[in-house]
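**Student:** predicted coordinates and the sequence they were generated for:
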Number of protein chains: 4
Amino acid sequence: MVRVLVVHSSLFGANARLAGLVQEALEESGAQVRSRGVRQVVLASAQVEPAAAIPLASADDLEWAEGFVFTSPSHTGLPSAAIKAFVDENHDAAVRGAYVDKTFTAMATSGFAHAGQERVVDDLNAVAAAWGCVLVPPSTAFDRINALNGNPFGLSFVLSHGEIVDVESASTVLRLHLGRFVSVTSALARARTGRDGAAASPEHPARAVDALD
Amino acid sequence: MVRVLVVHSSLFGANARLAGLVQEALEESGAQVRSRGVRQVVLASAQVEPAAAIPLASADDLEWAEGFVFTSPSHTGLPSAAIKAFVDENHDAAVRGAYVDKTFTAMATSGFAHAGQERVVDDLNAVAAAWGCVLVPPSTAFDRINALNGNPFGLSFVLSHGEIVDVESASTVLRLHLGRFVSVTSALARARTGRDGAAASPEHPARAVDALD
Amino acid sequence: MVRVLVVHSSLFGANARLAGLVQEALEESGAQVRSRGVRQVVLASAQVEPAAAIPLASADDLEWAEGFVFTSPSHTGLPSAAIKAFVDENHDAAVRGAYVDKTFTAMATSGFAHAGQERVVDDLNAVAAAWGCVLVPPSTAFDRINALNGNPFGLSFVLSHGEIVDVESASTVLRLHLGRFVSVTSALARARTGRDGAAASPEHPARAVDALD
Amino acid sequence: MVRVLVVHSSLFGANARLAGLVQEALEESGAQVRSRGVRQVVLASAQVEPAAAIPLASADDLEWAEGFVFTSPSHTGLPSAAIKAFVDENHDAAVRGAYVDKTFTAMATSGFAHAGQERVVDDLNAVAAAWGCVLVPPSTAFDRINALNGNPFGLSFVLSHGEIVDVESASTVLRLHLGRFVSVTSALARARTGRDGAAASPEHPARAVDALD
């Protein structure tokens, strides 16, 4: 049973709801799922009530999973500061190779068709590339997935009044893409069993911190 | 006298020192400069002593300036969460058009030649594009600037033990590029005088927040 | 009167028609316009009749213009090979600084809302950055432009059966954005008059070809 | 025995030599390799003698392979027009799903440390994402690979006088990264055996051409 971590960034709840649909689709494909949020870091003018029931993603969650699904709203065309802070806080494990060969797929929301939907998933993919993940983007090779909007780099969803437009279509697309994602994750997880974990290898000492800022 | 805001993100001081060199080069070109940092948002394992003397960038600084220089280290191939939080916190003014037609140029540092030096400046340029800024990247058309490393999207610098390698060369390249930046900023600032400010126009009402998350 | 070159890449005519709308909008803003196509380079299975009336963009057109508008369809998420070949063929003038401080804005079409609409304009912007152009993306600061789809990096249009959907709305958005583009181009062109042209400066010798491949 | 196709774009021979090093590293990892060039499409001022011995990549080569390695020089910060033309010419098979779940990794060369080394591999990765490939970037998690230059998105090499600087180091890095690439490709190839090929599925009818241009 493949273990998948879903990490979402959500200020008003839309990406939290998206993460719920993601979890359903993953579980239908036979995955074991942890769904987690990230700590908000932006000083909001309007105080947002935290969604009490959503636990925050931890280093242990990243370690546990064999595949990652990250979802973020587009904030000024890029991933939210909150999900970026989560990435930065787990930098040390990443450079030790802790996430090598885990699978990754990215998702985004925004209030316009564009407004960074391609760039947000592309940036999340860049994080996964730096971590040594194996990337599974949705592509434009599946007509029933293209029906959503044809974003090849990651599934992306337009919000209207804080809600995903047409939840049923979204669920269909999520099932199609995440079924493939689980299948790739499963193939890689089986291959990893029985050989030395990448992270344990002497090829991966921690990088010297003195180059950072 | 053109007004330029320099915003840097710095955990251990390297980008703060880079911002100092930027300020010198801008002032040599006749610009009036405000140099500012951003609030750290990442929970660091090692506590970093804040550089006490560096004031934080404010909404007023963004309003005041006619041109922006943003510098960020590469954290996992993207701009730091700290500079992204600063961007997110100033989203409302951006969608009201407050930064339209101001000039922008981006800079980055990292511990390797690559490790995201191109992507970091490209992401900062994406923020500026969303804001309605006019972008002035360094290009590959100037051989004395190319001598640095030929990054066309923004000047970028390799750090060694937390220091910019070859400060004298860096200063030369900064003077060449920022001289051109000040000249473009000045031309646009003069053109803006005497016509209705873009931000005041009925074309720019605040965008409905209900599409955000 | 500002001189603007419109370069489009078109296999079946859609971007040629888009270039026509672009020309109208530019001329309404007072610009003098040259509209040009690019040579096709892909071996098509179905032979496409060349649009006889459209002259190909030349080195002289690039030299003549004070601002550039490039439009390309998304082919596999990137600009077409045809427009890329046009860029590559004008590389030598670019490294001599021939396009420094000319303005640039990019446009794209595709058959889906996404399918690379953000990446195509972003890649065209990257070319302009390498050339030393000053970039004028449409931003997300103008609600009447956002009504199109909110792509901050360049205007982008969905095609249906080879036609731009809702030509009237497209024209409105083109007028708004290109009016600002002409105004920025004009400000920079005026500033350039009377000082040494950037291209003539000893800062811009041709780059050694021995690093290429 | 895993089947890998190496596609390179080369005007003066540097990427052809890189492809040779790639082939050696792949074969050491137990892969069966086809090494291919692409047709030049740019009208060169200086006529370049075609490297006679290098066969051109064909649709059959793409079909045959279970994994792809693409290498391109940076031309104006983007992949060469030649490799883009090759991609465009194989668009129809891509939208029929012919390349789904094949693995992909990208490489680049340029005359400066930057000059688009990150963007070139990122663009090639975008093609692979659109095709439905599973991406295996080199990451920054391996110190011995980082010693090259730390480009997380694809291996990239600086050229000097048309030659890769330090071939021995390049070979070491290629062996490390391509060993992992072959191992991931092998795991996915084994998993694919015995189930219906993705391309044969009714989920993948050819996309209607009427949205293209």
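**Tutor:** Great, that's in hand. Numbering: from 1, shown residues only, chains lettered A, B, ... in the order given.

**Student:** okay, CA-based contacts and neighbour counts for the rest of this
**Tutor:** Will do.

**Student:** now the strands for chain A?
**Tutor:** Remark: strands assigned in chain A by DSSP state E are A:3-8, A:32-36, A:67-75, A:78-79, A:103-110, A:134-135, A:155-160, A:163-164.

**Student:** so can I have CSV of those strands showing mean neighbour count and distance to D:L43?
**Tutor:** Output for those, formatted as CSV (neighbours: other C-alpha atoms under 10 Å in any protein chain shown; distance: least, C-alpha to C-alpha, whole Å):
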stretch, mean neighbour count, distance to D:L43
strand A:3-8, 26, 49
strand A:32-36, 19, 54
strand A:67-75, 27, 41
strand A:78-79, 30, 38
strand A:103-110, 28, 40
strand A:134-135, 30, 36
strand A:155-160, 24, 39
strand A:163-164, 22, 49
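
**Student:** just put those strands in TSV and tack on distance to D:P55.
**Tutor:** TSV is the format used below for those (distance: least, C-alpha to C-alpha, whole Å):
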stretch	distance to D:P55
strand A:3-8	43
strand A:32-36	47
strand A:67-75	39
strand A:78-79	42
strand A:103-110	35
strand A:134-135	30
strand A:155-160	37
strand A:163-164	49
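
**Student:** can I get those strands in TSV with mean pLDDT?
**Tutor:** Rendered in TSV, the data for those read as follows (pLDDT from 0 to 100):
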stretch	mean pLDDT
strand A:3-8	98
strand A:32-36	98
strand A:67-75	97
strand A:78-79	96
strand A:103-110	97
strand A:134-135	98
strand A:155-160	93
strand A:163-164	90
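
**Student:** a markdown table please, covering those and showing distance to chain D.
**Tutor:** Formatted as a markdown table, the strands of chain A follow (distance: least, C-alpha to the nearest C-alpha, whole Å):
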| stretch | distance to chain D |
| --- | --- |
| strand A:3-8 | 17 |
| strand A:32-36 | 20 |
| strand A:67-75 | 13 |
| strand A:78-79 | 17 |
| strand A:103-110 | 9 |
| strand A:134-135 | 5 |
| strand A:155-160 | 12 |
| strand A:163-164 | 24 |
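
**Student:** for A:V173, find the nearest of those.
**Tutor:** Of all the strands of chain A, strand A:155-160 sits nearest to A:V173, with 8.4 Å by C-alpha to C-alpha.

**Student:** just want the angle from that closest one to strand A:67-75.
**Tutor:** 40 degrees (axes from the mean of the first three to the mean of the last three C-alpha atoms, to 10 degrees).

**Student:** which pLDDT does the model give A:V42?
**Tutor:** Note on A:V42: pLDDT of 87.

**Student:** residue closest to the middle of chain A?
**Tutor:** When C-alpha atoms, centre = their mean is applied to chain A, the residue found nearest the centroid is A:F70 (1.2 Å).

**Student:** the lengthiest helix in chain A near chain D at all?
**Tutor:** Using DSSP state H, we find that the single longest helix of chain A is helix A:167-192. Yes. Against chain D, helix A:167-192 shows contacts by C-alpha under 8 Å from any C-alpha of the partner chain at A:V184, A:A187, A:L188, A:A191.

**Student:** do me a favour and average the pLDDT over that helix.
**Tutor:** 95.

**Student:** roughly how far is that helix from the heart of the chain?
**Tutor:** Distance, stretch centre to chain centre, for helix A:167-192: 13 Å (C-alpha atoms, centre = their mean, to the nearest Å).
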